[in-house]
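Colleague: Just to be clear, the model below is a prediction. Sequence and coordinates:
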Amino acid sequence: HNTIAVLDDWVRKLKFHGDTVALGTYRGDVFLSGMERPDTVWAKLEGHTDEVTALDFDGAHLASGSLDASVRVWKGIPLTMSPEGYSEHGEDDSLVFHHRAEVTGVHLAGGQLVSSSVDGTCKIWNLAANMCEQIVEVGEPVTCCACSPETVPDGSSRYLAIGTASGAVTIY
């Protein structure tokens, strides 16, 4: 086993992409580390003002959601360790989207971001246009979301699964 990072904060969320690991913290920072150089954190992403509750990678982007009701899609960050070493990134290095309450899930797929919140919504964001394309009003706190792969076996469009505080899971 390898210890890949030792932070001065609680690690609340973890997400792998290849050998890279994103670490979301209680204070709202996101760190990048990985297996290629154990004990090395090569990037710190600052922008959330509260605990990181959700993380996702899609190969080109890293998305994070927080108790501060924001979703950030980090751009221009090193998804692998760069020869320059450690780097810090702030608010100017991310697209920011908002909910009315805590974010509970994020999912990147096909140029879109899906986010869920205890505000009772799941939002579908167009990353290229930097705008919300659709809001799914659920009517109760949404606790998680997930998307199927870009194409599903029957050739239809992607599915969206939404989990709620009452225990219901609805597929759209």
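Modeller: Received it, and whenever you're ready, just let me know what you need.
Colleague: And the lowest-mean-pLDDT helix or strand in the chain, what's buried?
Modeller: Lowest mean confidence among the helices and strands of the chain (mean pLDDT, DSSP states H and E): strand 87-89, at a mean of 75. By 16 or more other CB atoms under 10 Å, the buried positions in strand 87-89 come out as H89. Backbone N, C-alpha and C define where each C-beta goes, glycine included.
Colleague: likewise stretch 52-70?
Modeller: 52-58, 61-70.
Colleague: now swap in stretch 96-105 and tell me
Modeller: Neighbour counts over stretch 96-105 (16+ other CB under 10 Å) mark 97, 99, 102-105 as buried.
Colleague: Quick check: closest non-adjacent residue to Y159.
Modeller: Of all residues not flanking Y159 in the chain, S148 sits nearest, at 4.1 Å (CB to CB, 6 or more residues apart in numbering).
Colleague: give the contact list for that neighbour.
Modeller: 158-161 (CB atoms under 8 Å, 6 or more residues apart in numbering).
Colleague: Under the pLDDT cut-off, which ranges of this protein? List them.
Modeller: Residue ranges of the chain with pLDDT under 70: 4-5, 37-39, 78-86, 150-157.
Colleague: hmm, try it at 90
Modeller: 1-9, 16-21, 32-44, 57-61, 75-95, 109-112, 147-159, 172 (pLDDT under 90).
Colleague: strand partners of the least confident helix or strand of the chain, parallel vs antiparallel please.
Modeller: Looking at strand 87-89 with DSSP bridges, its partner strands are strand 41-45 (parallel).
Colleague: Can you name the element that comes right after the partner strand?
Modeller: Later in the chain than strand 41-45, the nearest helix or strand by DSSP states H and E is strand 52-57.
Colleague: C-terminal to that next one, what's the next element?
Modeller: Per DSSP H and E, the first helix or strand lying C-terminal to strand 52-57 is strand 62-66.
Colleague: So in that sheet, which strands flank that next one, and in what orientation?
Modeller: Using DSSP bridges, the strands paired with strand 62-66 are strand 52-57 (antiparallel), strand 70-74 (antiparallel).
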